[in-house]
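Undergrad: Pasting a predicted model and its sequence here:
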Amino acid sequence: SVGCEYAVHGLLFLAMRHENEVVLVSEIAKAQNLPESYLAKVFQLLAKAGLLRSFRGARGGYMLAQPLEKITLRDVALAVEGQTPLFKPLSNVRGCHNEADCLIREAFSRAEKSLFRELEKVTLKEMVERARLAGERLKWLQLPDSVET
């Protein structure tokens with residue numbers, strides 16, 4: 001979803017900053033040309049899921065709440081989208097009364113499980129490493145020398 005993509009953009013931006021730096025949503029949104037109000041809602045979901053720490057007040061903003069290697073894209077997807085299934089076949093509404101409905105539900109269920117298995121394999125640390133390699137193309141990244149991956 002768009003929310004998941006914005007979440008990954010924001011997390012990647014935070015991960016590329018100094019470890020304990022608190023960053024405003026407005027700064028992230030401006031740097032990446034994202035809508036600030038939507039990004040703020042996404043960040044609230046990430047904080048509620050324990051992926052970000054939020055700080056209120058004049059020095060408020062967000063920072064990562066977990067080490068880069070602990071945050072997976074699956075964690076991000078679940079934080080933003082919730083636990084509801086991504087696919088909602090008709091058989092969920094009308095029951096599995098005909099074979100076609102059952103086959104469709106099984107196929108979508110397998111696809112969703114496969115998607116989450118793949119997302120579980122990708123950590124924010126790996127995304128940072130890829131971003132560093134693509135640094136020339138990612139102009140918004142002003143890579144601080146002191147950030148360790």
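TA: Yes, it's here.

Undergrad: so what's T123 bridging to?
TA: Note on T123: beta-bridge partners by DSSP bridges are T72.

Undergrad: Just the pLDDT at it, thanks.
TA: As predicted, T123 sits at a pLDDT of 97.

Undergrad: gap between it and A107?
TA: According to C-beta to C-beta, to the nearest Å, T123 and A107 sit 29 Å apart. Where C-beta positions appear, they are placed from N, C-alpha and C, glycine not excepted.

Undergrad: Return the helix or strand in the protein with minimum mean pLDDT.
TA: None of the helices or strands of the chain scores lower by mean pLDDT, DSSP states H and E than helix 90-94, at a mean of 56.

Undergrad: Looking at T123 and A107, which is more packed in?
TA: Each of T123 and A107 has its neighbours counted (other C-beta atoms under 10 Å); T123 has more, 18 against 12.

Undergrad: quick one, what contacts the more buried one?
TA: Contact partners of T123, counting by C-beta atoms under 8 Å, 6 or more residues apart in numbering, are L68, E69, K70, I71, T72, L73.

Undergrad: Identify each buried residue in the longest helix seen in the chain, please.
TA: Criterion DSSP state H: the longest helix present in the chain is helix 99-120. Neighbour counts over helix 99-120 (16 or more other C-beta atoms under 10 Å) mark D101, I104, R105, F108, L119 as buried.

Undergrad: Mind picking the lowest-pLDDT entry from the residues you listed?
TA: Among the buried residues of helix 99-120, D101 carries the weakest pLDDT, at 71.

Undergrad: Tell me how far that residue lies from S109.
TA: Per C-beta to C-beta, D101 is found 12 Å from S109.

Undergrad: cool, and A47?
TA: 30 Å.

Undergrad: Also V25?
TA: In this view, V25 and S109 are 36 Å apart by C-beta to C-beta.

Undergrad: mind checking pLDDT for the residue lying closest to E36 once chain neighbours are set aside?
TA: The shortest distance from E36 to any non-neighbouring residue, by C-beta to C-beta, 6 or more residues apart in numbering, is to A29 (3.9 Å). The per-residue pLDDT reported for A29 equals 93.

Undergrad: Quick one: residues contacting A29.
TA: Applying C-beta under 8 Å, 6+ apart, the residues contacting A29 are P35, E36, L39.
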